[in-house]
Structures are given as structure tokens and as C-alpha cells.
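**Student:** Build me a model from this:
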Amino acid sequence: MGKNSEYGVKDLLISKKKCTFALKLVSMKRGVFLIEVLLSMMMGMLSSCQRASVPRPYGYFRIAVPEYTYAPLDGHYPYTFELSQSAQLQDVAGDGKGVWTTIHYPTLNADIHCTYYPVDGNLRQLTDDAMEFVHKHISQASAIPSRDFVNEDAQVYGVLFSIQGNAASPYQFFLTDSTAHFLRGAVYCDCRPNADSLRPVLDYLEQDIIHLIETLEWK
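**Tutor:** Numbering: from 1, shown residues only. Below you'll find the model as predicted:
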């Protein structure tokens with residue numbers, strides 16, 4: 001072979017080496033690019049984990065409750081107490097044995113249903129009936145703490161039950177002098193029971209019930 005052939009082979013070998021080097025260089029660049037992409041993805045995942053969203057608690061509309069103002073109860077009832085000026089006392093047809101009334105709160109959409117019975121050897125039965133009404137709400141109650149009331153001067157003895165949870169009747173109570181009078185009360189709100197959203201109303205009614213108990217007098 002002549003010199004031209006020898007130079008042609010050398011040029012071919014040099015060209016192959018250059019191509020091989022160029023391919024390696026491209027491959028390295030691609031590898032670096034892939035590594036950079038993977039690192040970017042990993043950083044993004046870590047960043048998103050650190051910024052994990054936290055669910056916000058449920059909010060409720062603010063319920064405005066009236067001021068605490070009271071006046072003596074007037075009427076033909078066998079008892080008297082200081083009635084909230086935000087409430088209206090309504091007579092309800094009873095069973096012929098007792099006196100049924102409703103303390104209605106128009107701005108709160110709530111009622112306290114009161115039932116009065118004279119005691120005539122039936123105190124145990126009246127007390128058992130009152131306890132049975134409380135126990136009907138056990139399935140919806142998370143707890144039922146109670147508070148005793150004793151007023152020796154007015155001869156008023158009773159218990160207030162706070163039925164916690166989403167119960168239909170969040171408060172119930174009964175009062176008696178143990179010899180002649182017995183009064184039972186139960187709170188109901190005219191809406192779906194939700195203790196959290198109704199908390200301002202329930203707190204207001206609890207204070208009203210306590211005031212009723214502490215000012216109650218038999219006639």
C-alpha cells in the first residue's frame with residue numbers, strides 16, 4: 001500500500017478516536033443532567049413533605065346571647081322563681097295530674113320544658129321517672145356529670161344533670177321539698193344537636209337553670 005493509503009488509515013483511526021471521545025463526553029453530560037434532574041426531584045419531594053398542609057378545624061357562626069336579666073315569676077303556679085327577661089313562660093296542656101309549662105327562648109330557639117306534680121306518697125316514683133328521662137340520652141352522651149342543690153331555708157333539694165355530647169336534651173333537673181312539691185325540667189333546642197356549635201347557647205341556658213334553682217320557692 002502507498003503512503004496515501006497509510007495516511008488514510010491514520011486519519012480514519014484518529015476520526016474514530018475523536019468520535020468515541022465525543023460520544024463519551026455526550027454520555028457524561030447526559031449522566032450529569034440525569035443526576036441533576038433526580039436531585040431536583042428529590043429536593044422538591046422533601047420540600048413538599050416539609051410544607052405538608054394541616055387541616056383547619058371546623059368553624060361555626062358566632063351566636064349572640066342576651067344579657068342576664070331576671071324578674072319574679074307571676075301567675076297561678078304552685079312555685080315562683082326569677083324568670084329570665086329573655087324568656088317567655090307558656091302554659092301547656094298537661095295530663096290532668098300536674099302543671100306543665102314551657103320556658104321559651106325565642107332568640108335562642110330553645111325551650112325548658114317543666115313538669116310539676118304534687119307529692120302524695122309518690123316521691124320515689126317521681127324521682128325514678130326523672131332519672132329514666134336522663135338515662136334515655138345515655139347512647140348519645142359522652143358523660144353525664146351531676147350537681148346537687150340544697151336550700152334548707154326554702155326547702156328546695158334537687159339535682160342538675162349535664163348531658164355532655166350531642167344529646168337531644170343537654171340539661172335536665174328535678175327539684176322537690178320531699179313532702180309536697182316536685183318539679184322536673186328538661187332543655188331542648190329546636191335544631192340538630194351539636195354541642196360544639198351550640199356551646200354559647202348551652203352555657204347561657206345552664207346559668208339560667210342554676211338561677212332558677214337558686215331562686216325557686218314553693219307556694
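**Student:** which element is Ile213 on?
**Tutor:** Secondary-structure element containing Ile213, defined by DSSP states H and E: helix 199-215.
**Student:** buried sites along that helix?
**Tutor:** For helix 199-215, a neighbour-count test (16 or more other Cβ atoms under 10 Å) marks Val201, Leu202, Tyr204, Leu205, Glu206, Asp208, Ile209, His211, Leu212, Ile213, Thr215 as buried. In short, each C-beta sits where N, CA and C put it, glycine included.
**Student:** per-residue pLDDT, the residue lying closest to the first one once chain neighbours are set aside?
**Tutor:** Just to be clear, that refers to Val201. Using Cβ to Cβ, 6 or more residues apart in numbering and skipping the chain neighbours, the partner closest in space to Val201 is Leu108 (5.1 Å). pLDDT, Leu108: 92.
**Student:** what's around Leu108, how many residues?
**Tutor:** Neighbour count for Leu108, taken as other Cβ atoms under 10 Å: 22.
**Student:** Show me where this structure has its helices.
**Tutor:** Using DSSP state H, the helices of the chain run over 3-50, 123-135, 199-215.
**Student:** Quick check, Tyr79 in contact with Ile213.
**Tutor:** No: contact between Tyr79 and Ile213 fails when scored by Cβ atoms under 8 Å: they sit 11.2 Å apart.
**Student:** Only the buried residues of stretch 151-170, if you could.
**Tutor:** 151, 155-156, 158-164, 166-167, 169-170.
**Student:** now do stretch 88-95
**Tutor:** So for stretch 88-95, counting by 16+ other Cβ under 10 Å, buried means Leu89.
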